[in-house]
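*Asks:* Fold the following, please.
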Amino acid sequence: MAGTDGAAFGQWLAQARSQARQPPAAAREPFWVAGRCVGSVPSEVMHEIRGLCLSPLNSLLTFQEQSSRGWHLQCTPGDATGALNLLARALQAAGRCGPWRDEQLAVLDAQGLRLATVERGAVRVLGLATQAVHLVGTAPDGRMWVQQRAFTKPNDPGLWDTLMGGMVAASDTLELAVARETWEEAGLQVQALASLRHGGCVEFSRPSHEGGGAGYMRERIEWFHAVVPAGMAPCNQDGEVERFDLLAPESLREQVAQGRFTLEAGLVIAAFFGH
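*Replies:* Next up is the predicted model:
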C-alpha cells in the first residue's frame with residue numbers, strides 16, 4: 001500500500017472505529033422483559049406508546065424507579081414473544097419503528113441467553129442486541145468481490161458492501177444465515193466456494209435514525225471469508241443489489257477511505273486485511 005493511500009486509509013480507520021462505538025444520542029432507560037434486561041429505550045417513546053391506550057399493552061408496560069429501574073414489559077418468559085410483538089405493532093402505529101420486515105430476530109438478555117423473538121423493525125428502538133453475517137469473497141488472484149447496494153434499500157442505499165451482508169434471523173444458525181444470504185444476495189451456493197472459514201467479528205454500538213432518531217444499534221457482525229472460483233461470478237437474486245465489481249486491494253482500500261463503502265463493510269474489510 002503506497003504511503004499516501006496508507007495514510008488516508010489509516011485516518012479513515014481511526015474515524016470509523018470511533019463512529020462504530022458511540023453512546024446514545026439521548027438518555028435511555030433499561031428495558032426489561034419478563035424480569036430480564038434485554039435493551040434500552042427512550043422514555044418519551046414509551047410514554048407515547050402508553051398514550052395510545054392500546055389494551056392490553058398498557059397493563060403490561062410499566063416504569064419502575066427503584067430496584068431494576070427502567071421500563072418493564074410484565075409477562076412470563078413463555079409470553080415474552082407475544083408481548084414483544086404487541087409492542088412492536090404499537091411502535092409501528094406510532095411511527096416509532098424501523099422498516100417492517102415480517103422477520104423475527106432473537107431477543108437476548110444481558111448474559112446472552114435467548115428469551116424470545118421480535119419483529120426486526122423494532123430492535124433498534126428497543127436497543128436490542130442483534131447479530132449479522134458478512135462474507136468477504138475473493139478471487140483466486142486476490143481481488144475482492146464487492147456489491148453496490150440497491151438505491152431502493154432503506155439503509156445506506158447506493159453505498160458499496162462486502163460480497164454479502166445480512167442479519168441472522170431467529171430461526172438461523174450462523175452457517176444457515178451465511179448460506180441463505182449468500183444465495184439471495186450473490187446467487188452463489190456456499191458449497192461451491194473454496195476455503196470457507198470464519199474470520200472474526202466486528203462490534204457496533206451507536207445511535208440509529210430508526211424510530212424518528214430514537215434507535216440505538218448494538219450489533220455483532222460475524223464475518224467469513226471464501227474464495228470464489230475462477231469463472232464463477234455473483235448474480236443477485238433478491239433485487240437488493242445494484243451491481244457487483246471485482247477490485248484489487250489497493251483500489252479497494254482507496255474507495256473505503258473515500259467513504260464509498262458502508263461503515264460495517266469498511267471495518268470488516270479492514271479486519272480482513274489485518275488492521
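*Asks:* give me phi/psi at the nearest residue to residue 43 once chain neighbours are set aside?
*Replies:* Distances taken as CB to CB, 6 or more residues apart in numbering put residue 29 closest to residue 43, at 5.5 Å, once the chain neighbours are dropped. C-beta coordinates here come from the backbone N, C-alpha and C atoms, glycine included. Backbone torsions for residue 29, taken as degrees, to the nearest 10, come to phi -110, psi 150.
*Asks:* From residue 44, how far off is residue 29?
*Replies:* 10 Å (CB to CB, to the nearest Å).
*Asks:* Kindly report the same for residue 83.
*Replies:* Taking CB to CB, one finds residue 83 at 21 Å from residue 44.
*Asks:* and these two? which has more neighbours close in?
*Replies:* For residue 83 versus residue 44, neighbours defined as other CB atoms under 10 Å are more numerous around residue 83 (21 against 11).
*Asks:* just checking, that one is part of a helix?
*Replies:* Yes: per DSSP: H, G, I helix; E, B strand; the rest coil, residue 83 lies within a helix segment.
*Asks:* Leaving out chain neighbours, which residue sits closest to it?
*Replies:* Closest residue to residue 83 apart from its sequence neighbours, by CB to CB, 6+ apart: residue 75 at 4.2 Å.
*Asks:* Output the contacting helices and strands for the helix or strand residue 48 falls within.
*Replies:* Using DSSP states H and E, the element containing residue 48 is helix 43-51. Other elements packing on helix 43-51 under the criterion 3 or more CB pairs under 8 Å, 6 or more residues apart in numbering; DSSP states H and E are helix 57-60, strand 61-64, helix 80-93.
*Asks:* Can you tell me which of the ones you listed is packed in deepest?
*Replies:* By mean neighbour count, with neighbours taken as mean count of other CB atoms under 10 Å, helix 80-93 ranks first of those at a mean of 19.
*Asks:* What strands flank the helix or strand just after that one, and is each parallel or antiparallel?
*Replies:* Heading C-terminal from helix 80-93, the first helix or strand you meet, by DSSP H and E, is strand 104-108. Strand 104-108 has these partner strands in its sheet, going by DSSP bridges: strand 114-119 (antiparallel).
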